[in-house]
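A.B. asks: Sharing a model prediction with you, sequence too.
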Amino acid sequence: MMSVQTIFPPQYSGRRRAFTIAAVVVAVSLAGLLFYRLGATPGASGGMANEINAKVSALIVTPRTIELTSEKAARVRDAITREDYSTADKIVASVLASSRIENWRFYPFPDFIDNIMDLNDPAFEAKLSSWVARNKDDAIPLLVRARYYHDIGWLKRGHKFTSETPAGNMEEFRDWMNRALTDVEEAIRLDEGNPYSFLLQLRILRGAGVSDEAISAFKAAISKHPGYYSLYEAMLNMLQPKWGGDVSAMYRFVEEYAGQADENSPLKLLYVTLYRDLLETASTPCGSSRPDTEKMTQCAVSGMQATVTQDLEHHVVRALQRYDQTDKYQYGIALQTMLSSMLTMSGGEYYAGALLELAANGMHSDTQLKQEKPGNNNYVIDKMVATSWGIKGFYDNALQKYREALRDIEATQFPGEEEKLLAIADVYQSMADMYEKLHQQPNMIAYEEAAVALGNKTEHQYYVCAGYYQLKDYDNAIRTCTTAVGATGSLPAYYWRGAAHRDRGDADLALRDFTVVADSRNNFRSTAAIDMSMIHFGRNDNKSALDVLNRYSYLYDPEAISKQNVAVSYNNRCYAYMQLGELKEALTDCTASLRYGAIPDAFRKQQELVKRLNSKEKAP
């Protein structure tokens, strides 16, 4: 059945650079300890803050006049927290009533639901349950709680393969998914008219892999909502080998639904979705070759050559030529979602780039860095080209293409004000990412603040306070971190606020914020825990430092945090044990530290401990 590629030959070029959120990581040695502090540049003056504010004002050319969908969701979240369920009911009912199935999505209800959850508030589940109990015959509270259970389940499980996930985490995950499934099935029983309920049901079932139950749920869903593209997309994704399916089943599924569809049906884009999912299948095992880009690409090439047929290539090309026969805005949004995911797949960059070139041709756009006729592109193509440059590490080139995207947005007709604002805000946030990588903190802050102001893009709002921290403007760092914490409960914002408190001399406030992060599953947790121990060491309170280092078992788990931080954790605990006279425990930890990283200070302490223990044994 399968044949070798013809459209996308297996040549490739360019290297991917690591994508990180932090600034420069600097190793600091102090009194036998080692910890990592995210670097800061010279202090900012009031003039710098004024300059940033001026940049923000210049970026917000036309202030918005509407309440965004994400802001409506935030009002629902706040209402649930206050147990004001009447307000929550009214807002949700209004958004659902205004939502419609479009060519490739149901809008705006899913986007609205995405922004309601508060996974950081331990009391949020109880408030949702009170809402469910109050409205026993209403599908909405059940649906929202089902989504909460789904999200919290994945948070507890993590996103590693089942074989790499602790059994306890998997058991907890299954429990949350069972709760979610019970709620969503009851929500569907109460109201079959909401397409999103069926999509959430499929996503919940995917956690257990493809099954007869999932297939039956899909068929029931499309019998009620045959025009909802996301249902087909979700089922096709579930047929991937990693969920228990196989490539042949993926082909059969697409042929059944896209192959039989009318030539102008949105379902024809399933061929492109299949191509994306095959790339995901091919690239999944390639991450083990990271950071060797060439090996990852060779791995992806091998997988794609084994699975992609010439017939599929033909259908992909035809699907990418439908731009002039459909709603151009919706088509661009659908392709953007697919292309952006493909560009980040391990080793899949070349195939994503080839597909991007085909999409650009179909949308009458140019992927060149320097266009022959600038100003005629589709802004989605500009954004995807910029994303590709950013992944390769050419941040200035990415910024150039993002600026072109902004110009092309102005020449685009959008369905409404919100859609245009979100398009601009997405570009601003992406530009903030690039400025962060270039360590241009003032620009990073300005573009992120503009993204929040125009499109309520709060996902990376902590960039603002991180930037002020790196400028050593601790007052503004604390102010903007507090804003980010209040808006989203952002754990990175807690971390950066803690760092600002610490460097300003408010150790107790720093400990409070670091504890929130250390107790979480956030990527900053090990750094926060180490920083907590350092504060206690700085107070000569070795016992409290040891208590912190013993409290967080993940500090010694290379599966949970980086080996570098494991080495640091063992090294610091070795020092604590030494200071408290527990020499055998100290030696064990220094030896363990050296297994994970060659820290010179750990060598010195190890030798000293061996000498002291030998002397102790020889003593009469």
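C.D. replies: Sure thing, it's come through. Please read all numbers here as calculations on a predicted model, not as lab measurements.

A.B. asks: what sits against S569?
C.D. replies: For S569, the contacting residues are S526, A529, I530, L549, L555, Y556, S593, taking Cβ atoms under 8 Å, 6 or more residues apart in numbering as the criterion. Where C-beta positions appear, they are placed from N, C-alpha and C, glycine not excepted.

A.B. asks: Give me the nearest residue to the fifth one, chain neighbours excluded.
C.D. replies: What that stands for is L555. On the basis of Cβ to Cβ, 6 or more residues apart in numbering, the spatially nearest residue to L555 that is not a chain neighbour turns out to be S569, at 3.8 Å.

A.B. asks: S302 belongs to a strand?
C.D. replies: No: the secondary structure assignment for S302 gives helix rather than a strand, going by DSSP: H, G, I helix; E, B strand; the rest coil.

A.B. asks: Would you confirm that E71 contacts K457?
C.D. replies: No: in this structure, E71 sits apart from K457 without contact. The criterion is Cβ atoms under 8 Å, and the distance is 11.6 Å.

A.B. asks: any idea which element the residue nearest to L555 lies in?
C.D. replies: In the assignment (DSSP states H and E), S569 maps to helix 563-579.

A.B. asks: Give me the most central residue, this protein.
C.D. replies: With distances taken as Cα atoms, centre = their mean, E459 lies nearest the centre of the chain, 8.7 Å away.

A.B. asks: Pretty sure it sits in a strand.
C.D. replies: No: secondary structure assignment places E459 outside any strand; it is coil (three-state DSSP).

A.B. asks: got the CA coordinates for the longest helix belonging to the chain in CSV?
C.D. replies: Secondary structure assigned by DSSP state H gives helix 167-190 as the longest helix of the chain. Taking Å, rounded to 0.1, in the frame of the first residue of the first chain, the C-alpha atoms of helix 167-190 are listed here in CSV:
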residue,chain,number,x,y,z
ALA,A,167,1.6,3.6,38.2
GLY,A,168,0.1,5.8,40.9
ASN,A,169,-0.2,8.8,38.5
MET,A,170,-1.9,6.5,36.0
GLU,A,171,-4.4,5.3,38.5
GLU,A,172,-5.1,8.8,39.6
PHE,A,173,-5.5,9.8,35.9
ARG,A,174,-8.0,7.0,35.2
ASP,A,175,-10.0,8.1,38.3
TRP,A,176,-10.3,11.7,37.0
MET,A,177,-11.2,10.6,33.5
ASN,A,178,-13.9,8.3,34.8
ARG,A,179,-15.4,11.3,36.7
ALA,A,180,-15.1,13.4,33.6
LEU,A,181,-16.8,10.8,31.4
THR,A,182,-19.7,10.4,33.9
ASP,A,183,-20.3,14.1,33.8
VAL,A,184,-20.1,14.6,30.1
GLU,A,185,-22.3,11.7,29.3
GLU,A,186,-25.0,13.2,31.6
ALA,A,187,-24.5,16.6,30.0
ILE,A,188,-25.1,15.0,26.6
ARG,A,189,-28.2,13.2,27.9
LEU,A,190,-29.6,16.6,29.1
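
A.B. asks: For that helix, give me every contacting residue.
C.D. replies: Where contact means Cβ under 8 Å, 6+ apart, the residues beyond helix 167-190 that reach it are 132, 137-140, 142-143, 145-147, 149-150, 152-154, 156-158, 162, 165, 194, 197-198, 200-201, 204-205, 207-208.

A.B. asks: Now it: buried residues?
C.D. replies: 173, 176-177, 179-181, 183-188, 190 (16 or more other Cβ atoms under 10 Å).
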